[in-house]
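> need coordinates for the following:
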Amino acid sequence: MINKKIALNMRNGRLMRNYSQEYMALQLHISQNAYSKMEIGRTRITVESVFKVAAVLELDIYTLMDIKQVPAA
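From the prediction side, this is the model:
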């Protein structure tokens, strides 16, 4: 379930910035096909990949994962 949310947020973030899948794949040092599979949820997205994608898209990791931050006590 979380993988689908991340995949959707990856796609939306990419489209907001007008980045192609090819550009994203190049930045992540993977093939366009591998990136496409991540974006449609056909491949598990590793924690490392989530951090890399967030950096490329200039998104907060919590935004990409669609979770709310809990304020520090």
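
> which secondary element of this protein has the worst mean pLDDT?
The weakest-scoring helix or strand in the chain, judged by mean pLDDT, DSSP states H and E, is helix 61-65 (a mean of 89).

> mind listing what's buried in it?
Under the neighbour-count criterion of 16 or more other Cβ atoms under 10 Å, helix 61-65 has Leu64, Met65 buried. Every C-beta, even on glycine, is put in place using the N, C-alpha and C of the backbone.

> number the residues from 636 up from this point.
Sounds good: first residue 636 from here, last item helix 696-700.

> what's that helix packed up against?
If you count contacts as 3 or more Cβ pairs under 8 Å, 6 or more residues apart in numbering; DSSP states H and E, helix 696-700 packs onto helix 637-651, helix 682-692.

> hey, C-alpha coordinates of that helix in CSV?
What follows is helix 696-700, C-alpha atoms only, in CSV (Å, rounded to 0.1, in the frame of the first residue of the first chain):
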residue,chain,number,x,y,z
ILE,A,696,11.0,12.6,2.4
TYR,A,697,7.8,12.8,4.4
THR,A,698,6.0,14.4,1.5
LEU,A,699,7.2,11.7,-0.9
MET,A,700,6.1,9.0,1.5
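
> now do the end-to-end distance for stretch 676-686.
End-to-end distance for stretch 676-686: 17 Å, by Cα to Cα, to the nearest Å.

> contacts for that stretch next, please.
If you take Cβ atoms under 8 Å, 6 or more residues apart in numbering as the criterion, stretch 676-686 is touched by 638-639, 641-642, 645, 663, 669, 672-673, 688, 696, 699-700.

> one more time with 7 Å
Here stretch 676-686 makes contact (Cβ atoms under 7 Å, 6 or more residues apart in numbering) with Asn638, Lys639, Ile641, Ala642, Lys672, Met673, Ile696, Leu699, Met700.

> okay, those in a markdown table with distance to Arg649 next?
Conversion of the contacts of stretch 676-686 to a markdown table gives the following (distance: Cβ to Cβ, whole Å):
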| residue | distance to Arg649 |
| --- | --- |
| Asn638 | 16 |
| Lys639 | 16 |
| Ile641 | 12 |
| Ala642 | 11 |
| Lys672 | 14 |
| Met673 | 11 |
| Ile696 | 16 |
| Leu699 | 11 |
| Met700 | 16 |
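
> since that was my last question, I'll sign off now.
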